[in-house]
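*Asks:* Fold the following for me, if possible:
(2 chains)
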Amino acid sequence: MNLDELKLSLIQPKTQVIVFGKDGPMLNSCQSMEDMSSFINSSLYDLDPLFKSMEPLIEGMHADSDPIFIPCVEFDFFGRKGFFDFQISVHPDYPELRAWLAVDNSSVYRYYQKIQQQRNELLMEKETRSKKVG
Amino acid sequence: MDSTNWISKKIALLGYHAVGKTSLISQFVEQKFPESYLSTIGLKVDKKTVELGDHRLELIIWDIAGQENMAHIPQYYLNGCGGFIYVIDVSRPSTYEDLKTKLHMIQSMVPGAEMVIAANKKDLLSESELEEVLSSCEIRPDISTSAKENDNVEDLFHMLASKLLAAHES
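*Replies:* You can find the predicted model right below:
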């Protein structure tokens, strides 16, 4: 196994690439995380409100557009619940198509969530204490 | 009801951490109050359709992690936002200090967006204490709510929905 193969074998189980038309229909997908075959031709805009609310933004992308990057989305990825980083870009060969890269970073974000939680609770405790003293 | 009476709008809930943004959404969408506090990180998107007269308004609700500094909210979280609910916790003064500055900052990020200010956790205060807090805010909140007791939650979202509809029709 060369390094590229090794890299792919480590990354692949946590990533998925989905190609869809700019007006919504899912056209193709790898099956690394979830089997999407039953969703082919379904509109992403109808499948999930996140995409629905971004419809004008995604439709309006053109060949030179920067990818849309949405980190840390708590999401039900077709049955796989977790925290994902999303990137939506214009397909390099077909400007009317979009490529959606989904990366499951649940383990990292769950760790951050614990830290965030502790921090928030400490801040609230501190405020409650100072109110009582005041 | 024809399709011209069906509108879809993206809205966002903003405010400090632990003011009850996620609980308000949970109560509104699922009629549930989370038993324990779990900090939101990043964002979560939900939706619910409300009926206003002969209109159906689909609210796509972005629950954005609490921020002390509104300037830290990524701009793309707010792009295309028709309106937002700014939530304060009436039991924590830090969540409603400098309200004017914070709201101006958000309005500059989403110009033209409709706004409702919600004073949440009203169940933690007596009526007189609540009135004292509301009066002390630089901008008086539009509505007092309790996600825990499901008090005024529906009204809160309907208030924003009405503003969105009025703006849509004007």
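*Asks:* And the helices in the chain, which stretches?
*Replies:* Defaulting to chain A. Counting by DSSP state H, chain A has these helices, from start to end: A:3-11, A:44-47, A:49-53, A:55-59, A:106-133.
*Asks:* oops, I was thinking of chain B
*Replies:* Under DSSP H, chain B gives helices at B:21-30, B:75-78, B:99-109, B:127-136, B:153-169.
*Asks:* next one: the third one to chain centre, how far?
*Replies:* Meaning helix B:99-109. Here helix B:99-109 shows a centroid-to-chain-centroid distance of 14 Å under the convention Cα atoms, centre = their mean, to the nearest Å.
*Asks:* In that helix, which of the residues would be classed as buried?
*Replies:* Neighbour-count burial for helix B:99-109 flags B:99, B:102, B:103, B:106, B:109 (criterion: 16 or more other Cβ atoms under 10 Å in any protein chain shown). C-beta: built from backbone N, CA, C; applies to glycine.
*Asks:* re earlier: so which of the helices of chain A is nearest residue B:162?
*Replies:* Among the helices of chain A, helix A:49-53 comes nearest to residue B:162, with 19.7 Å by Cβ to Cβ.
*Asks:* What pLDDT is listed against the residue nearest to residue A:36 when sequence neighbours are not counted?
*Replies:* Take residue A:36 and drop its neighbours on the chain: the residue closest to it by Cβ to Cβ, 6 or more residues apart in numbering or on different chains is residue A:29, 4.0 Å away. Predicted confidence (pLDDT) at residue A:29: the value is 97.
*Asks:* Tell me which residues touch residue A:29, please.
*Replies:* Counting by Cβ atoms under 8 Å, 6 or more residues apart in numbering or on different chains, residue A:29 touches A:16, A:17, A:18, A:19, A:36, A:37, A:39, A:40.
*Asks:* separation between it and residue A:96?
*Replies:* Distance of residue A:29 to residue A:96, computed by Cβ to Cβ, to the nearest Å: 18 Å.
*Asks:* quick one, what contacts residue 73?
*Replies:* Defaulting to chain A. Residues near residue A:73 by Cβ under 8 Å, 6+ apart: A:50, A:83, A:84, A:85, A:86, B:42, B:43, B:44, B:45.
*Asks:* should've been chain B
*Replies:* Residues counted as contacts of residue B:73 (Cβ under 8 Å, 6+ apart) are B:14, B:64, B:67, B:106, B:109.
*Asks:* Apply 6 Å and report the result again.
*Replies:* residue B:67 (Cβ atoms under 6 Å, 6 or more residues apart in numbering or on different chains).
*Asks:* Dihedrals phi and psi, it?
*Replies:* Main-chain torsions, residue B:73, degrees, to the nearest 10: phi -70, psi 120.
*Asks:* rewinding a little: and of the contacts of residue A:29, the nearest to residue A:71?
*Replies:* Nearest to residue A:71 among these, with distances taken as Cβ to Cβ, is residue A:16, at 16.1 Å.
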